[in-house]
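Colleague: Sequence and predicted model, in that order:
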Protein chains: 2
Amino acid sequence: MDEIDLKILKILQKNAKYSLEDLSAELKIPKSTVAYRIKRLEALNIIKGYYAQIDPTALNLDYIVISLVRARYGKNYHTELGSKLASLPGVWGVYFVLGDIDFIVVGRYRNREEFVENYLEKLMSMPEIERSSTQVVVKIIKESPNMIIWW
Amino acid sequence: MDEIDLKILKILQKNAKYSLEDLSAELKIPKSTVAYRIKRLEALNIIKGYYAQIDPTALNLDYIVISLVRARYGKNYHTELGSKLASLPGVWGVYFVLGDIDFIVVGRYRNREEFVENYLEKLMSMPEIERSSTQVVVKIIKESPNMIIWW
DNA sequence: TCTGAAATCAGAATGGT
DNA sequence: ACCATTCTGATTTCAGA
(Lines give C-alpha, C1' and ligand atoms only; values in the text may rest on other atoms or scores of the structure.)
Protein backbone atom coordinates (compact mmCIF):
# COMPACT_ATOMS: atom_id res chain seq x y z
CA MET A 1 0.00 0.00 0.00
CA ASP A 2 1.80 3.07 -1.25
CA GLU A 3 0.85 6.55 -2.33
CA ILE A 4 -0.45 5.36 -5.72
CA ASP A 5 -2.75 2.74 -4.19
CA LEU A 6 -4.13 5.37 -1.88
CA LYS A 7 -4.81 7.73 -4.78
CA ILE A 8 -6.61 4.95 -6.64
CA LEU A 9 -8.77 4.19 -3.61
CA LYS A 10 -9.47 7.88 -3.07
CA ILE A 11 -10.87 8.15 -6.59
CA LEU A 12 -12.76 4.85 -6.62
CA GLN A 13 -14.45 5.47 -3.27
CA LYS A 14 -16.16 8.41 -4.99
CA ASN A 15 -16.61 6.97 -8.46
CA ALA A 16 -16.28 3.31 -9.31
CA LYS A 17 -16.85 4.01 -13.00
CA TYR A 18 -13.68 6.06 -13.32
CA SER A 19 -11.97 4.37 -16.27
CA LEU A 20 -8.53 2.79 -16.33
CA GLU A 21 -7.60 5.27 -19.02
CA ASP A 22 -8.53 8.29 -16.94
CA LEU A 23 -6.84 6.85 -13.88
CA SER A 24 -3.79 6.24 -16.03
CA ALA A 25 -3.71 9.90 -17.10
CA GLU A 26 -4.39 11.14 -13.58
CA LEU A 27 -1.68 9.05 -11.94
CA LYS A 28 0.74 9.21 -14.86
CA ILE A 29 1.25 5.47 -14.99
CA PRO A 30 0.22 3.08 -17.79
CA LYS A 31 -3.27 1.74 -17.68
CA SER A 32 -2.14 -1.87 -17.52
CA THR A 33 -0.37 -0.95 -14.30
CA VAL A 34 -3.50 0.66 -12.96
CA ALA A 35 -5.40 -2.53 -13.78
CA TYR A 36 -2.72 -4.57 -12.05
CA ARG A 37 -2.91 -2.40 -8.94
CA ILE A 38 -6.69 -2.54 -8.76
CA LYS A 39 -6.71 -6.31 -9.14
CA ARG A 40 -4.27 -6.52 -6.26
CA LEU A 41 -6.37 -4.27 -4.05
CA GLU A 42 -9.34 -6.49 -4.81
CA ALA A 43 -7.39 -9.69 -4.12
CA LEU A 44 -6.21 -8.30 -0.78
CA ASN A 45 -9.84 -7.49 -0.01
CA ILE A 46 -8.99 -3.83 0.51
CA ILE A 47 -11.57 -3.12 -2.15
CA LYS A 48 -14.46 -5.23 -0.91
CA GLY A 49 -16.79 -4.66 -3.82
CA TYR A 50 -18.59 -2.16 -5.98
CA TYR A 51 -22.11 -1.01 -5.43
CA ALA A 52 -24.68 1.42 -6.71
CA GLN A 53 -25.77 4.06 -4.25
CA ILE A 54 -29.53 4.32 -4.25
CA ASP A 55 -31.42 7.32 -2.99
CA PRO A 56 -33.42 6.16 0.05
CA THR A 57 -36.00 8.89 -0.37
CA ALA A 58 -36.74 7.67 -3.91
CA LEU A 59 -38.00 4.48 -2.28
CA ASN A 60 -39.83 6.35 0.45
CA LEU A 61 -37.38 5.19 3.08
CA ASP A 62 -37.72 8.21 5.27
CA TYR A 63 -38.55 6.60 8.54
CA ILE A 64 -35.00 6.40 9.87
CA VAL A 65 -34.46 5.27 13.45
CA ILE A 66 -31.53 5.10 15.83
CA SER A 67 -31.76 3.10 19.03
CA LEU A 68 -29.59 3.21 22.10
CA VAL A 69 -29.71 -0.20 23.74
CA ARG A 70 -28.46 -1.43 27.10
CA ALA A 71 -28.15 -5.19 27.54
CA ARG A 72 -28.76 -7.16 30.70
CA TYR A 73 -25.72 -8.65 32.31
CA GLY A 74 -25.02 -12.31 31.76
CA LYS A 75 -22.79 -14.64 29.82
CA ASN A 76 -23.21 -14.45 26.02
CA TYR A 77 -25.95 -11.87 26.42
CA HIS A 78 -23.94 -9.29 24.54
CA THR A 79 -22.84 -11.33 21.54
CA GLU A 80 -26.23 -12.96 21.23
CA LEU A 81 -28.05 -9.68 21.44
CA GLY A 82 -25.66 -8.13 18.94
CA SER A 83 -26.46 -10.67 16.25
CA LYS A 84 -30.16 -10.60 17.05
CA LEU A 85 -30.21 -6.85 16.56
CA ALA A 86 -28.20 -7.15 13.34
CA SER A 87 -30.69 -9.63 11.89
CA LEU A 88 -33.71 -7.38 12.30
CA PRO A 89 -35.16 -6.45 8.90
CA GLY A 90 -34.26 -2.91 7.93
CA VAL A 91 -31.32 -2.66 10.31
CA TRP A 92 -28.11 -1.71 8.51
CA GLY A 93 -25.89 -0.70 11.41
CA VAL A 94 -25.13 -2.20 14.80
CA TYR A 95 -22.28 -0.80 16.87
CA PHE A 96 -21.11 -2.20 20.17
CA VAL A 97 -19.89 0.60 22.42
CA LEU A 98 -18.59 0.95 25.95
CA GLY A 99 -20.24 3.08 28.56
CA ASP A 100 -23.76 3.69 29.65
CA ILE A 101 -25.08 2.18 26.44
CA ASP A 102 -24.07 -1.16 24.90
CA PHE A 103 -25.41 -0.97 21.36
CA ILE A 104 -26.28 1.71 18.86
CA VAL A 105 -28.61 0.44 16.15
CA VAL A 106 -29.59 2.17 12.89
CA GLY A 107 -32.47 1.17 10.63
CA ARG A 108 -34.45 2.43 7.66
CA TYR A 109 -38.18 1.92 7.08
CA ARG A 110 -40.82 3.21 4.72
CA ASN A 111 -43.38 4.17 7.32
CA ARG A 112 -44.39 3.91 10.94
CA GLU A 113 -46.26 0.63 10.56
CA GLU A 114 -43.34 -1.06 8.87
CA PHE A 115 -41.03 0.23 11.57
CA VAL A 116 -43.27 -0.97 14.38
CA GLU A 117 -43.84 -4.39 12.88
CA ASN A 118 -40.31 -5.16 11.75
CA TYR A 119 -38.34 -3.38 14.40
CA LEU A 120 -39.97 -2.00 17.50
CA GLU A 121 -42.12 -4.98 18.40
CA LYS A 122 -39.22 -7.37 17.93
CA LEU A 123 -36.90 -5.11 19.88
CA MET A 124 -39.30 -4.84 22.77
CA SER A 125 -39.70 -8.58 22.99
CA MET A 126 -35.98 -9.25 23.43
CA PRO A 127 -35.39 -10.34 27.02
CA GLU A 128 -31.66 -9.59 26.82
CA ILE A 129 -32.43 -5.89 26.64
CA GLU A 130 -32.49 -4.06 29.93
CA ARG A 131 -33.46 -0.70 28.55
CA SER A 132 -33.63 1.01 25.16
CA SER A 133 -34.52 4.38 23.77
CA THR A 134 -35.32 4.84 20.10
CA GLN A 135 -35.00 8.14 18.27
CA VAL A 136 -36.63 9.01 14.97
CA VAL A 137 -34.32 10.92 12.65
CA VAL A 138 -35.85 14.21 11.56
CA LYS A 139 -33.12 15.12 9.10
CA ILE A 140 -30.07 13.42 7.69
CA ILE A 141 -27.52 16.19 7.63
CA LYS A 142 -24.74 13.96 6.35
CA GLU A 143 -24.53 10.31 5.39
CA SER A 144 -21.53 9.28 3.33
CA PRO A 145 -20.21 6.08 4.89
CA ASN A 146 -18.40 5.18 1.68
CA MET A 147 -16.03 8.10 2.04
CA ILE A 148 -13.38 6.23 3.95
CA ILE A 149 -10.32 8.30 3.06
CA TRP A 150 -10.74 11.91 4.07
CA TRP A 151 -7.15 13.04 4.68
CA MET B 1 -40.64 2.67 -10.94
CA ASP B 2 -42.05 -0.78 -11.46
CA GLU B 3 -41.12 -4.28 -10.39
CA ILE B 4 -38.32 -4.54 -12.95
CA ASP B 5 -36.67 -1.32 -11.81
CA LEU B 6 -36.78 -2.56 -8.25
CA LYS B 7 -35.14 -5.84 -9.23
CA ILE B 8 -32.39 -3.95 -11.04
CA LEU B 9 -31.78 -1.78 -8.01
CA LYS B 10 -31.79 -4.78 -5.71
CA ILE B 11 -29.01 -6.38 -7.72
CA LEU B 12 -26.94 -3.24 -8.27
CA GLN B 13 -27.02 -2.21 -4.62
CA LYS B 14 -25.05 -5.40 -3.97
CA ASN B 15 -22.93 -5.53 -7.08
CA ALA B 16 -22.44 -2.63 -9.43
CA LYS B 17 -20.37 -4.76 -11.82
CA TYR B 18 -23.25 -7.08 -12.66
CA SER B 19 -23.24 -7.05 -16.45
CA LEU B 20 -26.08 -6.03 -18.73
CA GLU B 21 -26.02 -9.52 -20.18
CA ASP B 22 -26.48 -11.22 -16.83
CA LEU B 23 -29.16 -8.74 -15.83
CA SER B 24 -30.84 -9.42 -19.13
CA ALA B 25 -30.88 -13.17 -18.45
CA GLU B 26 -32.01 -12.68 -14.86
CA LEU B 27 -34.88 -10.35 -15.71
CA LYS B 28 -35.73 -11.97 -19.03
CA ILE B 29 -35.70 -8.72 -20.95
CA PRO B 30 -33.27 -7.67 -23.70
CA LYS B 31 -30.02 -6.14 -22.58
CA SER B 32 -30.64 -2.92 -24.46
CA THR B 33 -33.79 -2.52 -22.39
CA VAL B 34 -31.82 -3.11 -19.22
CA ALA B 35 -29.39 -0.40 -20.34
CA TYR B 36 -32.29 1.90 -21.08
CA ARG B 37 -33.79 1.30 -17.63
CA ILE B 38 -30.52 1.88 -15.83
CA LYS B 39 -29.89 5.10 -17.73
CA ARG B 40 -33.31 6.29 -16.67
CA LEU B 41 -32.73 5.42 -13.01
CA GLU B 42 -29.50 7.39 -13.20
CA ALA B 43 -31.16 10.35 -14.89
CA LEU B 44 -33.88 10.41 -12.22
CA ASN B 45 -31.13 10.38 -9.60
CA ILE B 46 -32.54 7.23 -8.05
CA ILE B 47 -29.13 5.72 -8.66
CA LYS B 48 -26.89 8.43 -7.26
CA GLY B 49 -23.57 6.93 -8.25
CA TYR B 50 -21.30 3.93 -8.11
CA TYR B 51 -18.71 3.41 -5.41
CA ALA B 52 -15.92 1.07 -4.47
CA GLN B 53 -16.37 -0.19 -0.97
CA ILE B 54 -13.08 0.02 0.90
CA ASP B 55 -12.28 -1.94 4.03
CA PRO B 56 -11.74 0.62 6.82
CA THR B 57 -9.54 -1.74 8.81
CA ALA B 58 -7.17 -2.08 5.84
CA LEU B 59 -6.43 1.61 6.32
CA ASN B 60 -6.21 1.29 10.08
CA LEU B 61 -9.43 3.14 10.56
CA ASP B 62 -10.45 1.37 13.72
CA TYR B 63 -10.99 4.31 15.99
CA ILE B 64 -14.72 4.70 15.37
CA VAL B 65 -16.68 7.15 17.46
CA ILE B 66 -20.32 8.00 17.94
CA SER B 67 -21.35 11.18 19.73
CA LEU B 68 -24.64 12.14 21.22
CA VAL B 69 -24.93 15.91 21.11
CA ARG B 70 -27.40 18.30 22.68
CA ALA B 71 -27.46 21.84 21.32
CA ARG B 72 -28.12 25.02 23.25
CA TYR B 73 -31.37 26.71 22.50
CA GLY B 74 -31.36 29.73 20.26
CA LYS B 75 -32.22 30.75 16.73
CA ASN B 76 -30.18 29.02 13.99
CA TYR B 77 -28.22 27.14 16.62
CA HIS B 78 -29.42 23.82 15.34
CA THR B 79 -28.84 24.27 11.62
CA GLU B 80 -25.50 25.98 12.20
CA LEU B 81 -24.35 23.29 14.58
CA GLY B 82 -25.51 20.60 12.18
CA SER B 83 -23.33 21.83 9.35
CA LYS B 84 -20.40 22.49 11.67
CA LEU B 85 -20.55 18.90 12.88
CA ALA B 86 -20.86 17.61 9.31
CA SER B 87 -17.74 19.51 8.26
CA LEU B 88 -15.48 17.98 10.87
CA PRO B 89 -12.78 15.86 9.24
CA GLY B 90 -13.51 12.16 9.57
CA VAL B 91 -17.22 12.63 10.23
CA TRP B 92 -19.36 10.70 7.78
CA GLY B 93 -22.74 10.76 9.46
CA VAL B 94 -24.78 13.45 11.17
CA TYR B 95 -28.38 12.76 12.13
CA PHE B 96 -30.75 15.29 13.61
CA VAL B 97 -33.13 13.59 16.02
CA LEU B 98 -35.90 14.61 18.36
CA GLY B 99 -35.84 13.99 22.06
CA ASP B 100 -33.26 14.30 24.78
CA ILE B 101 -30.49 14.42 22.19
CA ASP B 102 -30.34 16.67 19.12
CA PHE B 103 -27.59 15.15 16.99
CA ILE B 104 -25.98 11.77 16.54
CA VAL B 105 -22.57 12.02 14.91
CA VAL B 106 -20.43 9.20 13.53
CA GLY B 107 -16.74 9.47 12.64
CA ARG B 108 -13.78 7.27 11.69
CA TYR B 109 -10.17 7.87 12.68
CA ARG B 110 -6.88 6.00 12.56
CA ASN B 111 -5.89 6.52 16.18
CA ARG B 112 -6.57 8.39 19.36
CA GLU B 113 -4.40 11.39 18.50
CA GLU B 114 -6.05 11.87 15.15
CA PHE B 115 -9.46 11.61 16.78
CA VAL B 116 -8.61 14.13 19.51
CA GLU B 117 -7.06 16.62 17.13
CA ASN B 118 -9.62 16.46 14.32
CA TYR B 119 -12.74 15.77 16.29
CA LEU B 120 -12.83 16.00 20.05
CA GLU B 121 -11.01 19.30 20.44
CA LYS B 122 -13.12 20.92 17.77
CA LEU B 123 -16.29 19.47 19.21
CA MET B 124 -15.48 20.71 22.68
CA SER B 125 -14.83 24.23 21.45
CA MET B 126 -18.25 24.60 19.86
CA PRO B 127 -20.26 27.04 21.96
CA GLU B 128 -23.57 25.88 20.45
CA ILE B 129 -23.19 22.56 22.23
CA GLU B 130 -24.80 22.31 25.62
CA ARG B 131 -23.65 18.80 26.38
CA SER B 132 -22.18 15.87 24.51
CA SER B 133 -21.11 12.32 25.23
CA THR B 134 -18.83 10.44 22.92
CA GLN B 135 -18.65 6.66 22.71
CA VAL B 136 -15.83 4.65 21.21
CA VAL B 137 -17.03 1.71 19.15
CA VAL B 138 -15.55 -1.55 20.38
CA LYS B 139 -16.96 -3.70 17.61
CA ILE B 140 -18.86 -3.08 14.41
CA ILE B 141 -21.40 -5.87 14.37
CA LYS B 142 -23.04 -4.68 11.19
CA GLU B 143 -22.44 -1.82 8.79
CA SER B 144 -24.05 -2.09 5.38
CA PRO B 145 -25.60 1.30 4.68
CA ASN B 146 -25.66 0.58 0.97
CA MET B 147 -28.25 -2.16 1.40
CA ILE B 148 -31.25 0.06 0.89
CA ILE B 149 -33.79 -2.49 -0.30
CA TRP B 150 -34.28 -5.29 2.19
CA TRP B 151 -37.90 -6.35 1.56
C1' DT C 1 -41.14 3.16 -24.15
C1' DC C 2 -38.97 -0.72 -25.86
C1' DT C 3 -35.90 -3.62 -28.82
C1' DG C 4 -32.16 -5.81 -32.24
C1' DA C 5 -28.08 -5.12 -34.50
C1' DA C 6 -23.92 -2.66 -35.26
C1' DA C 7 -20.30 0.05 -33.68
C1' DT C 8 -17.37 1.54 -30.09
C1' DC C 9 -14.78 1.29 -26.20
C1' DA C 10 -13.17 -0.39 -21.81
C1' DG C 11 -11.20 -4.14 -19.31
C1' DA C 12 -8.88 -8.85 -19.24
C1' DA C 13 -5.20 -11.60 -20.81
C1' DT C 14 -0.73 -12.31 -22.45
C1' DG C 15 4.06 -12.22 -22.46
C1' DG C 16 8.21 -9.69 -22.06
C1' DT C 17 11.26 -6.66 -18.98
C1' DA D 1 6.32 -5.65 -9.76
C1' DC D 2 5.67 -3.21 -13.99
C1' DC D 3 4.20 -2.23 -18.67
C1' DA D 4 2.88 -2.56 -24.19
C1' DT D 5 0.13 -4.99 -26.98
C1' DT D 6 -3.50 -7.90 -28.22
C1' DC D 7 -7.90 -9.78 -27.62
C1' DT D 8 -12.43 -10.35 -25.70
C1' DG D 9 -16.63 -8.93 -24.36
C1' DA D 10 -19.47 -5.33 -22.30
C1' DT D 11 -21.64 -0.90 -23.14
C1' DT D 12 -23.29 2.68 -26.18
C1' DT D 13 -25.66 4.10 -30.14
C1' DC D 14 -29.18 4.24 -33.32
C1' DA D 15 -32.89 3.13 -36.31
C1' DG D 16 -37.25 0.94 -36.27
C1' DA D 17 -41.44 -0.94 -33.85
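Modeller: The structure has been received and is ready for your questions.

Colleague: Confirm residue A:68 sits in a helix?
Modeller: No. The assignment for residue A:68 by DSSP: H, G, I helix; E, B strand; the rest coil gives strand, which leaves it out of any helix.

Colleague: what's the closest non-adjacent residue to it?
Modeller: Sequence neighbours aside, residue A:101 is the residue nearest to residue A:68 in space, at 4.7 Å (criterion: Cβ to Cβ, 6 or more residues apart in numbering or on different chains). Where C-beta positions appear, they are placed from N, C-alpha and C, glycine not excepted.

Colleague: Check the separation of the first and last residues in stretch A:110-117.
Modeller: 12 Å (Cα to Cα, to the nearest Å).

Colleague: quick one: buried residues of it?
Modeller: Within stretch A:110-117, the residues scored as buried using 16 or more other Cβ atoms under 10 Å in any protein chain shown are A:110, A:114-115.

Colleague: So which of these sit within helices?
Modeller: A:114-115 (DSSP state H).

Colleague: tell me the contacts of the residue nearest to residue A:118 when sequence neighbours are not counted?
Modeller: Of all residues not flanking residue A:118 in the chain, residue A:89 sits nearest, at 4.5 Å (Cβ to Cβ, 6+ apart). Contacts for residue A:89 (Cβ atoms under 8 Å, 6 or more residues apart in numbering or on different chains) come out as A:118-119, B:150-151.

Colleague: Put the buried members of those residues into a ChimeraX selection.
Modeller: A single ChimeraX command selects the buried members of these (16+ other Cβ under 10 Å):
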select /A:118,119 /B:150
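
Colleague: Quick check: the farthest pair among the contacts of residue A:89?
Modeller: Spanning the widest gap among the contacts of residue A:89 are A:119 and B:151, at 12.7 Å by Cβ to Cβ.

Colleague: Residues contacting the helix or strand containing residue A:36, please?
Modeller: Using DSSP states H and E, residue A:36 sits within helix A:31-43. Contacts with helix A:31-43, where a contact means Cβ under 8 Å, 6+ apart, come from A:4-5, A:8-9, A:12, A:20-21, A:23-24, A:27, A:47.

Colleague: which among these gets closest to DNA strand C?
Modeller: Nearest to DNA strand C out of the contacts of helix A:31-43 is residue A:20 (Cβ to the nearest atom of the strand; 3.5 Å).

Colleague: Kindly tell me how buried that closest one is, as a neighbour count.
Modeller: Look at residue A:20: counted by other Cβ atoms under 10 Å in any protein chain shown, it has 14 neighbours.

Colleague: Next: the one 4 residues further on.
Modeller: Burial of residue A:24 is recorded as 16 neighbouring residues (other Cβ under 10 Å).

Colleague: May I have the secondary structure class of it?
Modeller: helix.

Colleague: nearest residue to whichever residue of chain A sits closest to DNA strand D other than its sequence neighbours?
Modeller: Relative to DNA strand D, the nearest point of chain A is residue A:30 (2.9 Å; Cβ to the nearest atom of the strand). In this structure, residue A:30 finds its nearest non-sequential neighbour in residue A:24, 6.1 Å apart by Cβ to Cβ, 6+ apart.
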